[in-house]
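>>> Here's my sequence, what's the structure:
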Amino acid sequence: MQGVKLVSLTDGALADHYPRRAVLPGTLVVEAMAQLGGMLHALSNDFSVEMLLVLVDSVSLVRPVLHGETMTVEVRSEHVHPYGATMNGEARVDGDVVATVGRIVYAHDSISDPDRIRAARERFAYQCGSPASDWAG
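Residues are numbered from 1 along each chain as shown. The predicted structure follows:
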């Protein structure tokens, strides 16, 4: 699954991180990968799971992401476990790798309440900028 982040000076974290050289903090680059992986697993389970981030391991920050750049984040599922998933990810700017995460581990809890599943589906659709009907199970 891929996601795109347009890095802008209007992002609150940029101005405070290094005031003389606005960069996206590395923790937010890693967080983007972790969030995208959680979305991938929830989508793969028709939104019937709630995700919990358990472990982020083997992080490599190659270079900072600067304001004005477009960062593409990609996560891949390595293993699906009975109670979660293991993934890896990388972030790129202009095709060049700027960060990698060798292992992102999630636990999940099953959801059976149709209202909570519908709400999760609608939240995902909102975050993706598409109608919830596109993600109906």
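>>> Going by C-alpha atoms from here, please, whenever you check contacts or count neighbours.
Fine.
>>> Is the residue nearest in space to the middle of the chain part of a helix or strand, or is it coil?
Nearest to the mean C-alpha position of the chain, by CA atoms, centre = their mean, lies residue 36 at 2.2 Å. Classification of residue 36 by DSSP: H, G, I helix; E, B strand; the rest coil places it in helix.
>>> ranges for the helices of the chain?
Ranges of helices in the chain, per DSSP state H, are 12-17, 26-44, 114-128.
>>> Name the nearest residue to residue 73, sequence neighbours excluded.
Using CA to CA, 6 or more residues apart in numbering and skipping residues adjacent in sequence, the residue nearest residue 73 is residue 91, 4.4 Å away.
>>> The one you found: what's it in contact with?
In this structure, residue 91 makes contact with 29, 33, 71, 72, 73, 74, 97, 98, 99, 100, judged by CA atoms under 8 Å, 6 or more residues apart in numbering.
>>> still on that earlier bit, of all the helices of the chain, which one is nearest residue 107?
Judged by CA to CA, the one of the helices of the chain that comes nearest to residue 107 is helix 26-44, at 9.6 Å.
>>> Mind checking the pLDDT average for that closest one?
Here helix 26-44 scores 94 as its mean pLDDT.
>>> Need the residues that contact that helix.
Against helix 26-44 from outside (CA under 8 Å, 6+ apart): 1-3, 48-53, 56, 59, 61, 64, 73-77, 85, 87, 89-91, 99, 101, 104, 106, 124.
>>> Buried residues, that helix. List them.
Neighbour-count burial for helix 26-44 flags 26, 29-30, 32-34, 36-43 (criterion: 16 or more other CA atoms under 10 Å).
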